[in-house]
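Chemist: structural data only, the sequence is not supplied:
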């Protein structure tokens with residue numbers, strides 16, 4: 001390859017002539033990019049690499065023979081770095097560039113070399129940090145409690161991403177989190193008495209994304225919802241041993257873990273196969289039932305009681321230690337005579 005001269009002489013007997021023509025013979029070349037499509041981040045760099053080769057010899061074309069430049073989005077031509085062996089590279093800064101799609105055109109040329117160009121498509125988005133997940137009241141709540149899920153979706157460097165789509169999925173249900181400008185996070189409150197997700201240990205999938213920003217996800221988060229812990233307190237108004245003419249009242253305190261009474265529960269006493277439904281007293285905040293000695297049921301005898309308390313969302317409680325004894329009323333017989341017990345015929 002190179003510059004050559006063609007000389008031509010002629011003579012036809014009457015005249016003679018001479019002329020020359022210069023030609024350049026080019027080596028055929030190839031220019032191949034390592035990646036034709038690159039996904040990158042703003043405020044960072046995009047690395048490109050191309051191979052410029054003489055396809056006739058063949059051999060890589062270094063800086064001795066060639067020059068390789070690039071233009072980013074129609075900008076000025078900037079030289080790539082010769083890495084030898086025909087490989088040329090460049091690290092392109094994306095500082096100050098908005099998210100979007102851009103074109104890099106690489107030009108390669110050299111003396112007596114076939115000129116080449118290639119196009120690389122670049123898609124830029126803002127880089128983001130891994131999601132930060134915080135619970136206001138831990139991720140373990142009971143039926144009567146609630147907890148707020150807060151998700152921080154930030155750009156690299158800690159700047160919150162506003163206007164994003166942040167949601168959490170449990171099973172087949174997805175909830176959208178709401179933006180809170182005060183904290184710079186996305187939030188949603190979960191209540192223990194919500195029908196969905198309901199009781200159990202739940203695996204959460206949190207997704208966050210916005211056009212022009214790197215999406216993030218987190219599938220390591222769990223939420224446990226359980227029945228409210230309860231206690232059962234038993235008291236009697238008097239002795240549990242009564243006669244046929246006496247009565248006694250049974251009191252039951254069915255309470256939450258914080259000692260708050262639980263109204264509208266089903267509280268029952270079972271004696272043999274007979275069930276006695278206890279009554280709610282809204283003043284004393286407890287359940288009661290009065291047993292009368294002269295009631296047909298449970299009747300005379302020594303009775304073992306099964307006391308049970310239950311309400312949806314609250315732990316079931318029972319007590320099998322109580323007994324009730326009902327006896328006949330003790331009596332005496334007193335005899336008297338109107339005129340003594342010894343009389344005459346008249």
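Modeler: Good, I have the coordinates. In this text, all values refer to a predicted model and were calculated from it rather than measured experimentally.
Chemist: helix, strand, or coil at the spatially closest residue to residue 200 that is not a sequence neighbour?
Modeler: Spatially, and ignoring its direct neighbours in sequence, residue 200 is nearest to residue 225 (6.5 Å; Cβ to Cβ, 6 or more residues apart in numbering). All C-beta spots, glycine's among them, are computed from the backbone N, C-alpha and C. Secondary structure state of residue 225, per DSSP: H, G, I helix; E, B strand; the rest coil, is strand.
Chemist: model confidence score at residue 225, please.
Modeler: pLDDT, residue 225: 98.
Chemist: verify the stated contact: it with residue 141.
Modeler: Yes - in this structure residue 225 lies within contact range of residue 141 using Cβ atoms under 8 Å: 5.9 Å.
Chemist: those two - which one has more neighbours?
Modeler: Taking neighbours as other Cβ atoms under 10 Å, residue 225 and residue 141 compare with residue 225 leading, 23 against 19.
Chemist: for that one, what are its contacts?
Modeler: Listed by Cβ atoms under 8 Å, 6 or more residues apart in numbering, the contact set of residue 225 reads 141, 142, 143, 190, 192, 197, 198, 199, 200, 202.
Chemist: can you tell me how far the residue nearest to residue 200 is from residue 208?
Modeler: According to Cβ to Cβ, to the nearest Å, residue 225 and residue 208 sit 24 Å apart.
Chemist: and residue 318, by the same measure?
Modeler: Counting by Cβ to Cβ, the gap from residue 318 to residue 208 is 47 Å.
Chemist: so these two - more neighbours on which side?
Modeler: Taking other Cβ under 10 Å, residue 318 and residue 208 do not tie; residue 208 has more neighbours (24 against 12).
Chemist: that one sits in which helix or strand?
Modeler: In this assignment (DSSP states H and E), residue 208 forms part of strand 205-209.
Chemist: pull the residues that contact that strand.
Modeler: Contacts of strand 205-209 (Cβ under 8 Å, 6+ apart): 128, 131, 133, 151, 153, 161, 164-170, 186, 215-219, 221.
Chemist: now swap in stretch 157-164 and tell me
Modeler: The list of residues contacting stretch 157-164 from outside it, by Cβ under 8 Å, 6+ apart, reads 126, 128-129, 152-155, 179, 184-186, 208-210, 213.
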